[in-house]
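*Asks:* for reference, the sequence and a predicted model appear below.
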Amino acid sequence: MATIRVLNGQETLDVLPELCEVLSTCVNGGASVGFMLPFSPQDAESFWRDVAAAVGLGGTIHVVAEVDGMVVGTVQVGLASKPNQPHRGDLMKLLVHPSARGLGLARELMQKVEEEAAKRGRTLLVLDTATGSDAEAIYPRLGWERVGVIPDYALFPDGRYCGTTLFYKRIGQSV
């Protein structure tokens, strides 16, 4: 059985090796989540230290999934800080270690991070994901609305062009 929990900045640092393993495995497996190959342990550590700092400052919500006491999944929401967007958040880095896929962890992570974003006054979340990826198929099943595709938006870790599909979801209110 999985445990889903919200981490503060220090707790993010406390599970740094596990988070680095999840991120490295996903990137090295081809996930287009902002990184290029070769992807080093230092790259992963630097990323998670930045996340911990953002969480500590209150600008990011960080949720993890643990199985047998080990972090195997993670997701974040960056809380928009612009004065005209106090209601919006950006969903980022939904990652589940390949060894833990198929357990429903992505759904549980998403439910928890949406709940936490709503508690912080967010009513609209947005995300982008690699077009044609396994992740793209998850979001509509979780109530996210597809907006469209931008071709050649980013690169896969190996350097090939990657389109991105945009989604949004209204949360924390009657719609």
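*Replies:* That came in fine, so what should we check first? Numbers count the residues shown, from 1 in each chain.
*Asks:* when you work out contacts or count neighbours from here on, use the C-alpha atoms and nothing else.
*Replies:* Noted.
*Asks:* tell me the buried residues in the helix or strand of the chain with the lowest mean pLDDT?
*Replies:* None of the helices or strands of the chain scores lower by mean pLDDT, DSSP states H and E than helix 134-141, at a mean of 96. Across helix 134-141, burial judged by 16 or more other Cα atoms under 10 Å covers 136, 139.
*Asks:* before we move on, what about stretch 89-109?
*Replies:* For stretch 89-109, a neighbour-count test (16+ other Cα under 10 Å) marks 89-97, 100, 105-106, 108-109 as buried.
*Asks:* helices of this structure, start to end?
*Replies:* For the chain, applying DSSP state H gives helices covering 9-14, 16-28, 41-56, 105-119, 134-141.
*Asks:* right, so of those, which gets closest to residue 158?
*Replies:* Taking Cα to Cα, helix 16-28 is the member of the helices of the chain nearest to residue 158, at 9.1 Å.
*Asks:* the closest one vs helix 41-56, what angle?
*Replies:* Inter-element angle recorded for helix 16-28 and helix 41-56: 120 degrees (by axes from the mean of the first three to the mean of the last three Cα atoms, to 10 degrees).
*Asks:* what distance separates helix 16-28 from the middle of the whole chain?
*Replies:* The chain centre lies 13 Å from the centre of helix 16-28; the measure is Cα atoms, centre = their mean, to the nearest Å.
*Asks:* and it, what does it pack onto?
*Replies:* Contacts defined by 3 or more Cα pairs under 8 Å, 6 or more residues apart in numbering; DSSP states H and E place helix 16-28 against helix 41-56, strand 70-79, strand 88-96.
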